[in-house]
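Asks: sequence isn't available, so here's the structure alone:
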């Protein structure tokens with residue numbers, strides 16, 4: 001491509017070259033003002049890009065380079081010179097010799113621009129000056145360079161090596177002098193671009209950005225500079241090798257972090273959508289569950305009718321479980337945490353797991369008897385483990401093993417750098433493995449995405465592992481999966497240690513006759529079907545019921561009603577006013593009014609969305625006839641504050 005033609009419209013592929021080049025690249029307008037520059041040029045000048053952009057290139061030069069710059073630059077632009085060698089950047093009181101090449105003259109947005117390649121040739125000058133200085137001074141300068149530095153003859157044999165290079169070669173040879181350079185530093189993989197680099201090391205300066213060697217661990221950047229004799233003939237070259245292993249690791253970490261951030265953003269967005277869907281679905285289930293409970297109270301049902309209604313209730317319960325899964329990966333969901341021990345949860349699940357896995361899969365447990373406690377929710381931990389069990393059952397159709405392991409672990413800074421969600425400290429590890437079919441890499445990358453499933457249509461919702469991912473992150477932990485096709489799958493879950501003593505399990509409650517009463521209850525909900533259903537249920541157990549389908553109507557009705565209102569049962573989120581605001585207004589004239597809030601959202605989500613006091617009485621939809629009756633009776637019997 002000639003130096004003065006328009007670049008293609010799609011130049012996105014040039015961006016990584018510009019940003020990641022080890023040499024400086026500068027874009028300036030026809031007047032010499034710098035429009036853009038890459039990080040390498042910023043580092044060369046020891047100035048942030050924000051201070052460089054807008055300056056004249058001439059402003060960055062040493063005082064003795066400035067008078068000649070315009071003349072040199074004109075020669076370069078006209079093509080009379082291939083590059084500019086006699087120039088220096090002035091950085092922190094030090095001169096840095098540079099070589100300036102013209103990459104292109106082009107037009108961008110109607111403006112003429114010039115793109116320059118800036119190479120730091122101080123190393124070349126350092127070596128050249130050292131060779132002309134005394135031997136002791138030369139060796140001092142040579143060995144002070146922290147990167148590996150090799151001097152080769154024109155046949156590629158090593159003439160000299162600095163201390164860093166000798167240290168690198170020491171495991172292979174005590175004296176590399178005279179050896180063929182590429183016999184000692186043999187590339188792990190030879191590519192066409194490396195062959196091109198190798199063929200030109202004696203003819204022109206070369207850079208190979210990333211190379212791995214067979215006999216040395218790590219990743220390296222390699223540069224070469226030809227050495228000319230006094231007669232101008234090629235006498236050899238200087239090779240510089242820089243260890244860029246840590247730099248590559250950081251870049252890979254940033255890449256993984258960005259992938260994780262994008263995945264979390266997708267899950268958060270879907271979670272918010274799912275939370276709204278679950279809320280509306282819970283309203284529907286509440287109405288259905290209420291009416292079925294109401295009909296089941298009848299003494300005139302036949303055996304078949306009662307059986308059908310009980311099956312409907314079981315179906316509603318399955319729908320409720322589905323909404324719980326939707327809430328589990330919603331970023332807005334917060335569980336009610338308590339201190340527990342994972343070993344106890346696992347031991348209590350043995351019968352359940354045996355039923356899920358079937359007789360052909362052996363359950364093995366390896367539990368650390370000194371296991372630390374965690375802060376979590378038992379039902380959510382059970383849901384995580386049963387989800388793994390169901391997946392293992394499907395992945396092990398011919399039988400195999402399902403292995404549960406627990407242990408204490410201390411995660412350090414290095415581990416947490418690769419898992420930014422975690423902080424260094426004490427963690428409890430739950431490891432769940434199976435000997436099933438395993439997963440291919442392309443499947444493994446997507447397993448935590450909501451609605452992604454490899455199961456046949458109708459056999460999976462794609463919410464299982466997405467909800468596991470959400471639960472683990474709610475508990476402040478991290479989940480990692482390892483899997484290979486034909487070798488099984490292992491999930492590792494890290495949960496922060498809790499130093500609190502494990503809570504005792506509450507005693508089981510017995511079902512007795514539903515409590516009723518004769519008090520007056522005011523129902524407020526924008527779903528008319530829920531209002532109607534609650535009216536019938538509460539009237540059936542003796543209460544006097546008032547109702548409204550919006551906050552404005554409720555305020556007016558409350559003012560008109562002359563009798564006592566003992567308690568209000570209100571939805572949290574309504575179109576015209578939320579439940580907390582409504583109660584506040586009603587208590588201005590009825591200060592002793594008690595309240596129970598209900599919502600298709602969870603208690604913690606309701607607290608966050610409308611500022612509800614976490615200690616207020618709350619019913620999450622859908623609720624059973626028994627839950628409703630007991631909550632109302634408990635609230636009415638509790639002394640007013």
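Replies: Done, it's in. Bear in mind that the values here come from a model prediction, so they are computed numbers and not experimental data.
Asks: tell me how far the residue in the chain sticking out farthest from the centre lies from residue 238.
Replies: Here the centre of the chain is the reference, and by CA atoms, centre = their mean the most remote residue is residue 231, at 59.9 Å. Distance, residue 231 to residue 238, using CB to CB, to the nearest Å: 19 Å. Placement of C-beta: from N, CA and C, glycine included.
Asks: repeat for residue 59
Replies: In terms of CB to CB, residue 59 sits 31 Å off from residue 238.
Asks: quick one, which of those two is more surrounded?
Replies: residue 238 (22 against 13; other CB atoms under 10 Å).
Asks: which phi and psi values does the more buried one adopt?
Replies: Here is the backbone geometry of residue 238 (degrees, to the nearest 10): phi -110, psi 130.
Asks: tell me the bridge partners for it.
Replies: residue 151, residue 225 (DSSP bridges).
Asks: list the residues that contact residue 529.
Replies: Contacts for residue 529 (CB atoms under 8 Å, 6 or more residues apart in numbering) come out as residue 287.
Asks: that one and residue 217, how far apart?
Replies: Taking CB to CB, one finds residue 529 at 68 Å from residue 217.
Asks: just residue 365 next, same as before
Replies: 38 Å.
Asks: I'd guessed residue 567 sits against residue 523; true?
Replies: No: contact criterion CB atoms under 8 Å: residue 567 and residue 523 do not qualify, at 10.0 Å.
Asks: more neighbours, the two?
Replies: residue 523 (24 against 20).
Asks: check the secondary structure at the more buried one for me.
Replies: Secondary structure, DSSP: H, G, I helix; E, B strand; the rest coil: residue 523 is strand.
Asks: give me the number of residues near the nearest residue to it once chain neighbours are set aside?
Replies: Spatial nearest neighbour of residue 523, excluding adjacent residues (CB to CB, 6 or more residues apart in numbering): residue 547 at 4.3 Å. For residue 547, the count of nearby residues is 20 (other CB under 10 Å).
Asks: partners of whichever helix or strand residue 547 is part of, with directions?
Replies: Using DSSP states H and E, residue 547 sits in strand 544-548. Neighbouring strands of strand 544-548 in its sheet, by DSSP bridges, are strand 520-524 (parallel).
Asks: ok, and what's touching the partner strand?
Replies: 531, 534-535, 538, 543-551, 554, 557-558, 563-571, 574, 579, 582, 632.
Asks: among those, which ones are in helices?
Replies: In this view, the contacts of strand 520-524 that belong to helices under DSSP state H are 531, 534, 535, 538, 551, 554, 557, 558, 579, 582, 632.
Asks: which residues are in contact with the last one?
Replies: The contact partners of residue 632, by CB under 8 Å, 6+ apart, come to 517, 521, 538, 543, 567, 569, 596.
Asks: again with the first one
Replies: The contact partners of residue 531, by CB under 8 Å, 6+ apart, come to 523, 524, 525, 547, 548, 549.
Asks: pLDDT value on it, please?
Replies: Residue 531 carries a pLDDT value of 86.
Asks: equivalent analysis for the fifth one, please.
Replies: In the prediction, the pLDDT value recorded for residue 551 is 90.
Asks: now do the fourth one
Replies: Predicted confidence (pLDDT) at residue 538: the value is 89.
Asks: pLDDT score assigned to the residue lying closest to it once chain neighbours are set aside?
Replies: Closest residue in space to residue 538, ignoring its immediate chain neighbours: residue 545 at 5.2 Å, by CB to CB, 6+ apart. At residue 545, the predicted lDDT confidence score is 92.
Asks: try the one 10 residues further on
Replies: The confidence metric pLDDT takes the value 92 at residue 555.
Asks: got it, and the one 3 residues further on?
Replies: What the model reports for residue 558 is a pLDDT of 90.
Asks: can you give the distance of stretch 292-304 from its chain's centre?
Replies: Its chain's C-alpha centre and that of stretch 292-304 lie 51 Å apart, by CA atoms, centre = their mean, to the nearest Å.
Asks: name the residues that touch that stretch?
Replies: Under CB under 8 Å, 6+ apart, the answer for stretch 292-304 is 306, 309, 310, 312, 313, 316, 533, 536, 537, 540, 624, 625.
Asks: now with 10 Å?
Replies: If you take CB atoms under 10 Å, 6 or more residues apart in numbering as the criterion, stretch 292-304 is touched by 305-313, 315-316, 514, 533-534, 536-537, 540-541, 623-629.
Asks: turn the buried ones among the residues you listed into a named PyMOL selection, would you?
Replies: Under the burial definition 16 or more other CB atoms under 10 Å, those of the contacts of stretch 292-304 that qualify are selected in PyMOL by:
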select buried, resi 309+312+316+514+533+534+537+541+623+624+625+628+629
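Asks: mind checking which of the contacts of stretch 292-304 are in strands?
Replies: Taking DSSP state E as the definition of strands, those contribute nothing to them.
Asks: now, the contacts of stretch 292-304 that are in helices?
Replies: Using DSSP H, the contacts of stretch 292-304 in helices are 305-313, 315-316, 533-534, 536-537, 540, 625-629.
Asks: low pLDDT regions in the stretch 201-350 of the chain?
Replies: Low-confidence segments of the stretch 201-350 of the chain (pLDDT under 70): 259-260, 262-280, 317-336.
Asks: try it again at 80.
Replies: The model of the stretch 201-350 of the chain has pLDDT under 80 over residues 208-211, 229-232, 250-304, 306-337.
Asks: how about the helices in it?
Replies: 245-296, 303-328, 342-348, 350-357 (DSSP state H, counting those that start in this stretch).
Asks: and the shortest one, how far from the chain's centre?
Replies: Put plainly, it is helix 342-348. With CA atoms, centre = their mean, you get 29 Å for helix 342-348.
Asks: all helices of the stretch 51-200 of the chain, in order?
Replies: 66-77, 122-132, 135-143, 163-169, 181-184, 192-199.
Asks: who's in contact with the longest one?
Replies: Going back to what we said before, that points to helix 66-77. Applying CB under 10 Å, 6+ apart, the set of residues contacting helix 66-77 is 3-4, 28, 30, 32, 56-61, 65, 80-88, 90, 100-102, 105, 114, 116.
Asks: could you rerun that using 8 Å?
Replies: 32, 57-58, 61, 81, 83-84, 86-87, 100, 102, 105, 114.
Asks: repeat for the last one
Replies: Counting by CB under 8 Å, 6+ apart, helix 192-199 makes contact with 182, 187, 206, 207, 208, 211, 222, 224, all of which sit outside it.
Asks: swap in 10 Å and give it another go.
Replies: 156, 181-182, 187, 190-191, 206-209, 211, 222-224.
Asks: circling back to that earlier point, the more surrounded of residue 365 and residue 217?
Replies: residue 365 (14 against 8).
Asks: please tell me I have it right and residue 499 contacts residue 426.
Replies: Yes: with contacts counted by CB atoms under 10 Å, residue 499 reaches residue 426, the gap being 8.8 Å.
Asks: what about the two, which has more around it?
Replies: residue 426 (13 against 9).
Asks: quick check: closest non-adjacent residue to the more buried one.
Replies: Take residue 426 and drop its neighbours on the chain: the residue closest to it by CB to CB, 6+ apart is residue 497, 3.9 Å away.
Asks: test my guess that the one you found contacts residue 376.
Replies: No: using CB under 10 Å as the test, residue 497 is too far from residue 376 to be in contact (11.4 Å).
Asks: overlap of the contact sets of those two?
Replies: What both residue 497 and residue 376 touch, as defined by CB under 10 Å, 6+ apart, is the set residue 428.
Asks: who's more crowded, those two?
Replies: residue 376 (26 against 17).
Asks: list the contacts for the closest residue to the more buried one other than its chain neighbours?
Replies: Leaving aside its sequence neighbours, residue 376 sits nearest to residue 475 (CB to CB, 6+ apart; 5.1 Å). Contact criterion CB under 10 Å, 6+ apart gives 335, 337, 374-377, 380-381, 384, 493-496 as the residues in contact with residue 475.
Asks: list just the nearest of those residues to residue 37.
Replies: residue 494 (42.5 Å; CB to CB).
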